[in-house]
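A.B. asks: give me a 3D structure for the following:
(one chain, ligands or ions: 1)
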Amino acid sequence: MENRINKGQFIVNRVKKETEDVVTIFLSATDKTFTFQAGQYVSVYLDKDKNSQAKFYTISSAPEEKKITLSVKKIGNFSSALHNLKVSDPVYLSGPFGWFYPNKDMDNLVFLAAGIGIAPFLSIIKDCQNKNIKKKVDIFYTNKTLDDISFFEDMNKIAEKNDKLKVHYCLTRDKVKNEFIDRYERLDIKYLKEKLGDLTNKNFYICGPISFVSDFRKQLLVSEVKEENIFTESFF
Ligand SMILES: Cc1cc2nc3c(=O)[nH]c(=O)nc-3n(C[C@H](O)[C@H](O)[C@H](O)COP(=O)(O)OP(=O)(O)OC[C@H]3O[C@@H](n4cnc5c(N)ncnc54)[C@H](O)[C@@H]3O)c2cc1C
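C.D. replies: The predicted structure follows:
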């Protein structure tokens, strides 16, 4: 059962550079009661003041891992402040929140991610690996260039050990040859049909910027995927 906390203190343990504009922040809890489901998010505060600003970040680690990780793309003021965190700095988390995770009976999963929208899916596939749960999962992960792909090696290692998990990488502004890249064009519904065949018997989870999420949701509905088989999380 999840245990929701309110501005619980965490300490930065490590800041790892994933790509040019994404870091993963490793946090240790001072309060050990914090639990979450893979796919959930927290609100992050940089100080404990009543009126301090908060933003949401998805937990990219799996619940079984010792440290909680947040993977943050540098965009504006708040995310830049998170990029500047140093080892031993405190941060304050409330949560966990959200329902962006498949229930345990669901199979035939398709995860669509743009950029840092991969964070909940990384947590979910690590959780499945840790629990030895083997569902059929196709991840379609789109980025501009090869260097923009976060968690490239982590995901490939997980997929290598699980023949039911396939990661389809798409690059929109890079032609560099790499054995793992499936497509050098925009991810679109035609490509999903080419790779998956019938879409109507699958469960779709979509995560990324609002336009990516809403475009795919609309296109899936037009392709007769039922509303109850489409789950979305927009990062705004
Ligand atoms: C449920 C949820 C989970 C989230 N999880 C994550 C996560 O795991 N990792 C993560 O990095 N972020 C995540 N976000 C987004 C995060 O909460 C912030 O919105 C983001 O870090 C930008 O905040 P900022 O203050 O740095 O930039 P802002 O000052 O808010 O934005 C600066 C400028 O960038 C534009 N902008 C905002 N977001 C984007 C974007 N995604 N792409 C392009 N332009 C943009 C804005 O319109 C604005 O013009 C999540 C959001 C939600 C709602």
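
A.B. asks: what is the top strand by length along the chain packed up against?
C.D. replies: In the chain, taking DSSP state E as the definition, the longest strand is strand 5-19. Here strand 5-19 touches strand 22-29, strand 90-97, going by 3 or more CB pairs under 8 Å, 6 or more residues apart in numbering; DSSP states H and E. Heads up, the C-betas are built off the backbone N, CA and C, glycines and all.

A.B. asks: tabulate those strands (a markdown table), appending mean neighbour count and distance to residue 115.
C.D. replies: Formatted as a markdown table, the helices and strands packed on strand 5-19 follow (neighbours: other CB atoms under 10 Å; distance: least, CB to CB, whole Å):
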| stretch | mean neighbour count | distance to residue 115 |
| --- | --- | --- |
| strand 22-29 | 20 | 8 |
| strand 90-97 | 20 | 21 |
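
A.B. asks: in JSON lines, list those strands along with distance to the ligand and mean pLDDT.
C.D. replies: Output for the helices and strands packed on strand 5-19, formatted as JSON lines (distance: least, CB to the nearest ligand atom, whole Å; pLDDT from 0 to 100):
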{"stretch": "strand 22-29", "distance to the ligand": "7", "mean pLDDT": "97"}
{"stretch": "strand 90-97", "distance to the ligand": "7", "mean pLDDT": "97"}
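
A.B. asks: can you say which of the ones you listed is nearest to residue 155?
C.D. replies: strand 22-29 (13.5 Å; CB to CB).

A.B. asks: sheet-wise, list the partners of that closest one with their directions.
C.D. replies: strand 5-19 (antiparallel), strand 68-73 (antiparallel) (DSSP bridges).

A.B. asks: that strand vs strand 90-97, what angle?
C.D. replies: 90 degrees (axes from the mean of the first three to the mean of the last three CA atoms, to 10 degrees).

A.B. asks: quick one: name whatever helix or strand follows strand 22-29.
C.D. replies: strand 41-45 (DSSP states H and E).

A.B. asks: for that following strand, buried residues please.
C.D. replies: 41, 42, 43, 44, 45 (16 or more other CB atoms under 10 Å).

A.B. asks: from those, which single one is nearest the ligand?
C.D. replies: residue 41 (4.4 Å; CB to the nearest ligand atom).

A.B. asks: next up, the contacts around the closest one.
C.D. replies: By CB atoms under 8 Å, 6 or more residues apart in numbering, residue 41 lies in contact with 56, 57, 58, 59, 95, 96, 97, 98, 100, 120, 233.

A.B. asks: ok, residue 220 next?
C.D. replies: 189, 199, 204, 230.
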